[in-house]
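Enquirer: Generate a structure from the sequence data that follows.
(2 chains)
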There are 2 protein chains.
Amino acid sequence: METNRPLILVTNDDGIEAKGIRSLIEMVKPFGDVITVAPFHVHSGKSHAITVELPIRYRLLREYENVKVYGCTGTPVDSVKLAFSAILPRTPDLIVSGINHGSNASVSVVYSGTMGAVIEGCLNGIPSVGFSLLDFDPDADFSAAQQFGRKIVQHVLGEGLPDATCLNVNIPPVGMNEVKGIKVCRQARGVWREEFEKRLDPRKGEYYWLTGYFVNHENGATDTDEWALENNYISVVPVQVDFTNYRAMERLKIIQDD
Amino acid sequence: METNRPLILVTNDDGIEAKGIRSLIEMVKPFGDVITVAPFHVHSGKSHAITVELPIRYRLLREYENVKVYGCTGTPVDSVKLAFSAILPRTPDLIVSGINHGSNASVSVVYSGTMGAVIEGCLNGIPSVGFSLLDFDPDADFSAAQQFGRKIVQHVLGEGLPDATCLNVNIPPVGMNEVKGIKVCRQARGVWREEFEKRLDPRKGEYYWLTGYFVNHENGATDTDEWALENNYISVVPVQVDFTNYRAMERLKIIQDD
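Expert: Numbers count the residues shown, from 1 in each chain, chains lettered A, B, ... in the order given. As a prediction, the model looks like this:
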């Protein structure tokens, strides 16, 4: 690999064989040398989980043009940590994660393995961006995501990102000509309403499948990621890794002893 | 169980048999009826992970006085979701998680299963507090944590918490008389530096153990949780579940198309 081009780390949570990560590699390949380190298997909903009770293995799967692809037995965040510690020849210039099959807008940012990897990159001071397409189809069409994603990647490689901040980019499930453009948004307020589905195993033991649906608490607001996506915009939410609610600090001082 | 007393949901990430969760149950028992739903096994570092690829089971383990204790095969966040959907007789008045064996201060809030459960409670609109003691010993002394924790629980039950905000409480590993009091703080900036430890299995295959150490990037600051803990204060950080960096939105508008 050349050493004077940007070094780009690619990962995801749908696993190394997902169409989304192959689309993401193609998307960023023109900008620099690409090293991909991603889970062998699906790690949806793994958030910022790390593997502490088991060891991890990884292996080079393929190498072509300016691309190397490694699979790892850990989570998305493990993949980023392993890349830093054992695989990358130097600090990367950019980390991209995805393209996720399915939305990571609103509160899904909290559950998302895609965004877990992005937040890990950001904690390490690397400009980091997560991409998600609102389409769960394993054969989804990523062409609009790729076209608009390139614009975002070009900006981030050139200008960097605000301090301690990464990007959560979601793409509506429509064709390139129907995308109205990019909107910088805030995270919509909402919640996943769970409905555990009870079943019986062959020995009559009860077990439960987690299932549910998203409820948007802000159907009126027009500055949220959910609104942008419903209106065929690509949503870009700047995500901060300092979770402190500074405004709440003053009110809570009542529980201090002084 | 009585129905006119507060209903308190207890969970953790060290598993249902940890001393920390037994200490937490004792701590909150005087304030209301207690239902505990927690993982059977250790789920350290599981962050906000949910289980989507496997089903979940749970079972009532014991019942005494005003306490019921359920074990669950899922993560801490699964435990909270399952409690809401299948176990609790009504919406709880308070969710407490811990007492964790080890620190969840600074950026550890991102990796913490203890805080994952707390953030899940907060997303569902329930006042939620995580407690962590800076002592990994399975037989750690939780008496100071319990005494100061009761004060915090009493405040939260009486006054609630700021909108979309939960608490990350960490307790220094010292005796009750050495604790200087409670400090409301912000999350210190820092990072976990990883050093994957390479080993060989009996067939000479390489595997890696995740290990590392925390680096505090703000050794000078006196308003952080890390400073408070180093100085024998209990740290209370208000954690918000809206991760949007509002100040960054304006700067990023350059990538919009309009």
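
Enquirer: burial measure for the nearest residue to A:Y246 once chain neighbours are set aside, as a count.
Expert: Of all residues not flanking A:Y246 in the chain, B:R186 sits nearest, at 6.7 Å (CB to CB, 6 or more residues apart in numbering or on different chains). Just so you know, the C-beta spots here come from the backbone N, C-alpha and C atoms, and that holds for glycine as well. For B:R186, the neighbour count with other CB atoms under 10 Å in any protein chain shown is 21.

Enquirer: separation between B:R186 and A:E226?
Expert: Applying CB to CB, to the nearest Å, the value for B:R186 to A:E226 is 29 Å.

Enquirer: Can I get the longest helix along chain A in PDB? Just the C-alpha atoms.
Expert: Longest helix in chain A, counting residues (DSSP state H): helix A:143-159. What follows is helix A:143-159, C-alpha atoms only, in PDB (Å, rounded to 0.1, in the frame of the first residue of the first chain):
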ATOM      1  CA  SER A 143     -26.100   3.700  -4.900                       C
ATOM      2  CA  ALA A 144     -27.700   6.900  -3.500                       C
ATOM      3  CA  ALA A 145     -25.900   6.300  -0.200                       C
ATOM      4  CA  GLN A 146     -22.600   6.000  -2.000                       C
ATOM      5  CA  GLN A 147     -23.100   9.100  -4.100                       C
ATOM      6  CA  PHE A 148     -24.000  11.400  -1.200                       C
ATOM      7  CA  GLY A 149     -21.700   9.500   1.200                       C
ATOM      8  CA  ARG A 150     -18.700  10.500  -1.000                       C
ATOM      9  CA  LYS A 151     -19.600  14.100  -0.600                       C
ATOM     10  CA  ILE A 152     -19.600  13.800   3.200                       C
ATOM     11  CA  VAL A 153     -16.300  11.800   3.200                       C
ATOM     12  CA  GLN A 154     -14.600  14.400   1.000                       C
ATOM     13  CA  HIS A 155     -15.700  17.100   3.400                       C
ATOM     14  CA  VAL A 156     -14.600  15.200   6.500                       C
ATOM     15  CA  LEU A 157     -11.200  14.300   5.000                       C
ATOM     16  CA  GLY A 158     -10.600  17.900   4.100                       C
ATOM     17  CA  GLU A 159     -12.100  19.800   7.000                       C
END
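
Enquirer: which other helices and strands contact that helix?
Expert: helix A:19-28, strand A:94-101, strand A:128-133, strand A:165-171, strand A:181-184 (3 or more CB pairs under 8 Å, 6 or more residues apart in numbering or on different chains; DSSP states H and E).

Enquirer: make it 6 Å
Expert: helix A:19-28 (3 or more CB pairs under 6 Å, 6 or more residues apart in numbering or on different chains; DSSP states H and E).

Enquirer: State the number of residues packed around A:V107.
Expert: 25.

Enquirer: so what's it up against?
Expert: A:G190, B:L123 (CB atoms under 6 Å, 6 or more residues apart in numbering or on different chains).

Enquirer: returning to what we had before: unless I'm mixing things up, the residue nearest to A:Y246 is touching A:D242, no?
Expert: No. Using CB atoms under 6 Å, B:R186 is not in contact with A:D242, being 7.4 Å away.

Enquirer: Which parts of the stretch 101-250 of chain A are strands?
Expert: All strands of the stretch 101-250 of chain A, identified by DSSP state E, counting those that start in this stretch, fall at A:128-133, A:165-171, A:181-184, A:190-194, A:197-200, A:206-209, A:212-216, A:233-240.

Enquirer: so which of those gets nearest B:Y64?
Expert: Comparing these by their distance to B:Y64 (CB to CB), the top pick is strand A:206-209, with 23.9 Å.

Enquirer: got the contact list for the closest one?
Expert: Outside strand A:206-209, the residues that touch it by CB under 6 Å, 6+ apart are A:F196, A:E197, A:K198, A:R199, A:D201, B:P55, B:I56, B:R57.

Enquirer: Can you tell me which of those are buried?
Expert: Buried members of the contacts of strand A:206-209, counted by 16 or more other CB atoms under 10 Å in any protein chain shown: A:F196, B:P55, B:I56, B:R57.

Enquirer: so where's chain A shaky on pLDDT?
Expert: Within chain A, the stretches with pLDDT under 70 are A:1-3, A:258.

Enquirer: Repeat the analysis, applying 80 as the threshold.
Expert: Scanning chain A for pLDDT under 80 picks out the ranges A:1-3, A:257-258.

Enquirer: ok, back up a step: let me know which of the strands of the stretch 101-250 of chain A is tucked in deepest.
Expert: Of all those, strand A:128-133 carries the top mean neighbour count, a mean of 29, counting by mean count of other CB atoms under 10 Å in any protein chain shown.

Enquirer: Check which helices and strands that one is in contact with.
Expert: Identification of packing neighbours for strand A:128-133 by 3+ CB pairs under 6 Å, 6+ apart yields strand A:94-101, helix A:113-123, strand A:165-171.

Enquirer: starting at the chain centroid, how far to the shortest one?
Expert: Centroid separation for strand A:165-171 versus its chain: 8 Å, with CA atoms, centre = their mean, to the nearest Å.

Enquirer: quick one: contacts of it?
Expert: For strand A:165-171, the surrounding residues in contact (CB under 6 Å, 6+ apart) are A:103, A:105, A:109, A:115, A:118, A:122, A:128-133, A:145, A:229, A:234-240, B:245, B:248.

Enquirer: Enumerate every residue touching the closest residue to chain B within the stretch 51-200 of chain A.
Expert: Shortest the stretch 51-200 of chain A-to-chain B distance, computed as CB to the nearest CB: residue-wise this is A:G181, at 3.5 Å. Counting by CB under 6 Å, 6+ apart, A:G181 touches A:Y233, B:D257.

Enquirer: how about the residues of the stretch 1-150 of chain A near chain B?
Expert: A:44-50, A:52, A:55-57, A:81, A:85-86, A:107, A:109-111, A:123 (CB under 6 Å from any CB of the partner chain).

Enquirer: about what we covered before: off-centre distance for the longest helix of chain A?
Expert: Counting by CA atoms, centre = their mean, helix A:143-159 comes out at 15 Å from the chain centroid.

Enquirer: now what about that helix, what contacts it?
Expert: Contacts to helix A:143-159, defined as CB under 6 Å, 6+ apart, come from residues A:6, A:23, A:27-28, A:31, A:94, A:99, A:127, A:131, A:133, A:171, A:176, A:179, A:234, B:255.

Enquirer: Then stretch A:13-26?
Expert: With CB under 6 Å, 6+ apart, stretch A:13-26 has contacts from A:10, A:12, A:34, A:38-44, A:67, A:71, A:76, A:96, A:98-99, A:101, A:113-114, A:142, A:146.
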